[in-house]
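**Student:** Predicted model follows, preceded by the sequence.
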Amino acid sequence: MINIGNTSLYIFALSCITGSILGLRESKKTYIYSAFQFGLSTFALLKLINIHINTDYRFLNVLENSHELIPALYKITGIWANHEGSMLLLLWSFSLVTFIFSCCSKFDQKTTIRILAIQSLILLLILSIILITSNPFQASETLLPSGRGFNPLLQDVGLAIHPPILYFGYAGLSIPFSIVIASLTQTPIAFNKDYLSYSYSWIFSPWAFLCAGIGLGSWWAYRELGWGGFWFWDPVENIPLLVWFASTISLHSLQIARNTNSYTTFVAANLLTFILSIFGMFLVRSGILNSVHSFAFAPERGKIIFLVFCVITIPSIALFIKRYPLLKKTRKLNFRILAILSNNILLSIACAIILLGILYPVFQNLIFSKEISVEESFYKNTLSFISIPMLYIAGLYSSKTTKRILVNLFLGAASLLCIYLLSYIESITALLHIHAAIFLVASLINTAIPNKNYTMLLGHLGFAIVIIGASLYYSYQTNDVTSLQEGESYNISGTSITLRKITYAKQDNYLSRVAILDVKRNGLSIGVIKPEIRFYPIEKTFTIESAVLHSLTGDLYVTLGELDKKKIVVEIQFKPFIYLIWLGIFITSLSFILHIVKKHAPTQISSKAKLLSTRHRKTR
Amino acid sequence: MNNRKIKRALTVSALISFVAIGIWILATNLNQNITFFYTPSELQNIDMHHNIRIGGIVRPNSIKKNGVTVSFVMTDCIKDITVYYKGVLPSLFREKQGIVALGKLDSANIFQATQLLAKHDENYSPKGLEKNISEESLCKSIKYKS
């Protein structure tokens, strides 16, 4: 059997090598090579989709992860639910991003070619991981009549779109990295204002994709895992969050560079973001993390990814140290720059905290061979020391005058009092978070709207909404477990839930038990919810399918348990204002679309910011 | 000593104390919010006020349900421990399944679990259902699975 998929990957490797050599020689052919690489990786991905749709059991990847009875959509999305397939998707995203960059780069030709050469090298490194330890086109040695099936938890729309979006984010982060490396390797160092405005979109877009990807992952976990939370603080979940924080730092450091002409933080932040994303890939895929949803433990895979991590990190850090004295540094700081700078520092501390939480169990395990896990409360307690001052500082940044600051603080306090009077909140941190977030929103409305800077408005507004949503969620959530018989009902705070009937259904790939529950509030019917328990015969597994009743005050989240002597266990959770979290993430990601449409260059923002701050000083 | 030196000394000492407070907050939080993992045979001299995690295999024929509370025996083939849990069981919960329970050990040597996790990885074959696998070989895999 001639393995076309494999062949295309090998040609890909060759094209990466020649592409990077041509790039270093500053040949214009590099452009063609990036198109060629994109074509090859698309071909390989399509080939993988093809063998999965045809459930070709001659390939180990299909045999291990698929089955002929799975619906066609999940046969395709199943490709990125396993390690090998997801690596190919990652490779494809990298080559897609490189191709898009080669088409719409505004940098001068010399720099663009240099950036494409570096991208070729990165592609080659990722490809080497695939070819050495995780080839999706590996032939199977044994022939089994049917495949092992596909984890039913992952047969979901949320999982269909979450990895591709997240991977576009990860892949996109390589562009600012390459931009920085390409500028550092030129003599004299090629940094100027034009560079910054050209880089802006390339930093903004992966940031927005990461944000959307994290949101989708969290939404999937909320609906599909039947546990009802939106963030588990599991190490594997924390890694994208960590990278997103780092990406936020580089986005803001661009504003600093723009205004002060000092490029050190900008360069360091961009290098760090990409390095962290590769380090995250190593942690997740080597299996050394103790996680609920990990990939299988694979030391040899870990070794090669670690090697790739070193190959990327060591030269780039060395280059940064060598070129550090040549980077322009100025010390002119005004109030607004200081505000961004201090929030960047706070964000770096947040990164350090998350990294500590991720690595501490690994460290304990390696040194003392003790198995520990870091609890949710660690992150909540420590990160609130960061997020509260961060929100206030962001609010201060947007406030024009001292009077405005006072008015906004008062607005925050007043709305907090309203919330407090409507319903009691015990936690002081929750109260402070809500106050700070409302203060930020009020300040944003004061400055961003007159300035017509809607990109910044949406980005920060979304963040404030997430904070408000999460604080309300943690303050008011309830959880009740009961067992019900047909016709029996259960009451929680004015809402009654009655079990009408238990029924059974059969689909192609699963059997299910469905409970039909009537929900009434003050005697009026407000809806019917149908939670399920599914049994997937191919995979021999059960899944709990939650049912959710949305309302303006929050979600009623119901899951089923065991059926025992005609009584069924029902878990009823109330998730207040949880939709604010998805809404906030959506708004934050939306700022990107606005950026693309409006083409807001950072120039406008900073010149206005400068103007404002000088005017501010005069009025004082 | 001129003014600048005093200013610099103040900045440095403020910075140091700030960092020290930060590290202190981190360290105490980390100390309070980690849970240790044990297998049933390691459960001796355990602090009963702290949450811990225990991991093992659900012993066949030991699951007893009473309304919303469940009790079962968790084993690592050396020692057994009875676990009580109130709530909806994870979908992968069954006999011979590797389970991790979060909770506290009470004075009657019964583990009061607040959370149960059934472990799974990408290679999807719940090992508990392959009948020919012995309990002993499952127990060997606890340490790696957890």
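**Tutor:** On my side now, so go ahead. Numbers count the residues shown, from 1 in each chain, chains lettered A, B, ... in the order given.
**Student:** give me the element residue A:568 is part of.
**Tutor:** In the assignment (DSSP states H and E), residue A:568 maps to strand A:567-576.
**Student:** mind checking how far that strand is from the chain centre?
**Tutor:** 29 Å (Cα atoms, centre = their mean, to the nearest Å).
**Student:** Could the C-alpha coordinates of that strand be exported in PDB?
**Tutor:** What follows is strand A:567-576, C-alpha atoms only, in PDB (Å, rounded to 0.1, in the frame of the first residue of the first chain):
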ATOM      1  CA  LYS A 567     -36.700   6.200  42.000                       C
ATOM      2  CA  ILE A 568     -34.300   8.200  40.000                       C
ATOM      3  CA  VAL A 569     -31.500  10.300  41.400                       C
ATOM      4  CA  VAL A 570     -31.700  13.900  40.200                       C
ATOM      5  CA  GLU A 571     -29.100  16.600  40.700                       C
ATOM      6  CA  ILE A 572     -30.600  20.100  40.500                       C
ATOM      7  CA  GLN A 573     -28.100  23.000  40.300                       C
ATOM      8  CA  PHE A 574     -28.900  26.600  39.900                       C
ATOM      9  CA  LYS A 575     -26.200  28.500  38.000                       C
ATOM     10  CA  PRO A 576     -26.900  32.200  38.400                       C
END
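**Student:** outside of that strand, which residues touch it?
**Tutor:** A:228, A:472-473, A:475-485, A:490, A:492-493, A:497, A:499, A:502, A:515, A:517, A:531, A:553-563, B:67-68, B:87-88 (Cβ atoms under 8 Å, 6 or more residues apart in numbering or on different chains). For glycine as for every other residue, the C-beta is placed from the backbone atoms N, C-alpha and C.
**Student:** Name every strand pairing with it and say which way it goes.
**Tutor:** Sheet pairing for strand A:567-576, assigned by DSSP bridges, gives strand A:478-484 (antiparallel), strand A:554-564 (antiparallel).
**Student:** Can you give me the buried ones in the longest one?
**Tutor:** Meaning strand A:554-564. Of the residues in strand A:554-564, A:554, A:555, A:556, A:557, A:558, A:559, A:560, A:561, A:562 count as buried by neighbour count, 16 or more other Cβ atoms under 10 Å in any protein chain shown.
**Student:** Minimum pLDDT in these, which residue is that?
**Tutor:** On pLDDT alone, residue A:562 ranks lowest of the buried residues of strand A:554-564, at 80.
**Student:** wait, what's in contact with that residue?
**Tutor:** Taking Cβ under 8 Å, 6+ apart as the test, what residue A:562 contacts is A:568, A:569, B:65, B:89.
**Student:** Can you name every helix or strand that the helix or strand where the third one lies contacts?
**Tutor:** To tie it back to what came earlier, the one meant is residue B:65. Following DSSP H and E, one finds residue B:65 within strand B:64-66. Strand B:64-66 sits against strand B:69-75, with contacts defined as 3 or more Cβ pairs under 8 Å, 6 or more residues apart in numbering or on different chains; DSSP states H and E.
**Student:** so what's the residue nearest in space to the middle of chain B closest to, chain neighbours aside?
**Tutor:** Nearest to the mean C-alpha position of chain B, by Cα atoms, centre = their mean, lies residue B:53 at 2.2 Å. Leaving aside its sequence neighbours, residue B:53 sits nearest to residue B:37 (Cβ to Cβ, 6 or more residues apart in numbering or on different chains; 4.6 Å).
**Student:** The closest residue to residue A:329 other than its chain neighbours and residue A:120, how far apart?
**Tutor:** Excluding the flanking residues, the one nearest residue A:329 by Cβ to Cβ, 6+ apart is residue A:262, at 4.9 Å. According to Cβ to Cβ, to the nearest Å, residue A:262 stands 31 Å off from residue A:120.
**Student:** do residue B:41 as well
**Tutor:** 54 Å.
**Student:** can you check residue A:445 too?
**Tutor:** In this view, residue A:445 and residue A:120 are 46 Å apart by Cβ to Cβ.
**Student:** just residue B:79 next, same as before
**Tutor:** 57 Å.
**Student:** And for residue A:492?
**Tutor:** For residue A:492, the distance to residue A:120 - Cβ to Cβ - is 59 Å.
**Student:** Then residue A:301?
**Tutor:** Counting by Cβ to Cβ, the gap from residue A:301 to residue A:120 is 23 Å.
**Student:** Between those two, tell me which one has more neighbours.
**Tutor:** Taking other Cβ atoms under 10 Å in any protein chain shown, residue A:301 and residue A:120 do not tie; residue A:120 has more neighbours (27 against 22).
**Student:** In terms of helices and strands, where is that one?
**Tutor:** helix A:109-133.
**Student:** just residue A:491 next, same as before
**Tutor:** Using DSSP H and E, residue A:491 falls in strand A:489-492.
**Student:** how about residue A:301, secondary structure?
**Tutor:** State at residue A:301, reduced to three classes by DSSP: H, G, I helix; E, B strand; the rest coil: helix.
**Student:** related to what we said a few turns ago, now, which of the contacts of residue A:562 sits nearest residue A:281?
**Tutor:** residue B:89 (33.8 Å; Cβ to Cβ).
**Student:** correct me, but that closest one touches residue B:116?
**Tutor:** Yes: contact criterion Cβ atoms under 8 Å: residue B:89 and residue B:116 qualify, at 6.5 Å.
**Student:** Could you check how many residues crowd around residue A:403?
**Tutor:** Neighbours of residue A:403 under the rule other Cβ under 10 Å: 10.
**Student:** now do residue A:26
**Tutor:** With other Cβ under 10 Å as criterion, residue A:26 counts 12.
**Student:** need the contact list for the residue nearest to residue A:324 when sequence neighbours are not counted.
**Tutor:** Leaving out its chain neighbours, the residue that sits closest to residue A:324 by Cβ to Cβ, 6+ apart is residue A:264, at 7.2 Å. By Cβ under 8 Å, 6+ apart, residue A:264 lies in contact with A:324, A:327, A:329.
**Student:** ok, now residue A:113?
**Tutor:** Going by Cβ under 8 Å, 6+ apart, the list of residues near residue A:113 reads A:23, A:26, A:27, A:28, A:30, A:31.
**Student:** Go through those and flag which are in helices.
**Tutor:** A:23, A:30, A:31 (DSSP state H).
**Student:** Quick check: the last one touching residue A:117?
**Tutor:** No: judged on Cβ under 8 Å, residue A:31 makes no contact with residue A:117 at a distance of 11.2 Å.
**Student:** Who has more neighbours out of these two?
**Tutor:** Higher neighbour count among residue A:31 and residue A:117: residue A:117, with 24 against 20, using other Cβ under 10 Å.
**Student:** how close does that one sit to residue A:559?
**Tutor:** Residue A:117 is 53 Å from residue A:559, where distance means Cβ to Cβ.
**Student:** do the same with residue B:40
**Tutor:** 28 Å.
**Student:** how about the closest residue in space to residue B:109 that isn't next to it in sequence, what does it touch?
**Tutor:** Counting by Cβ to Cβ, 6+ apart, residue B:109 lies nearest to residue B:81, which is 7.2 Å off, once chain neighbours are set aside. Residues counted as contacts of residue B:81 (Cβ under 8 Å, 6+ apart) are B:40, B:43, B:54, B:56, B:73, B:74, B:75, B:109, B:110, B:111.
**Student:** are any of the residues you listed buried, and which?
**Tutor:** B:40, B:43, B:54, B:56, B:73, B:74, B:75, B:111.
**Student:** what about the chain, any weak spots by pLDDT?
**Tutor:** All of this refers to chain A. Within chain A, the segments meeting pLDDT under 70 span A:1-2, A:290-297, A:330-331, A:599-620.
**Student:** That was the other one, I meant chain B.
**Tutor:** Using pLDDT under 70, chain B drops low at B:1, B:119-146.
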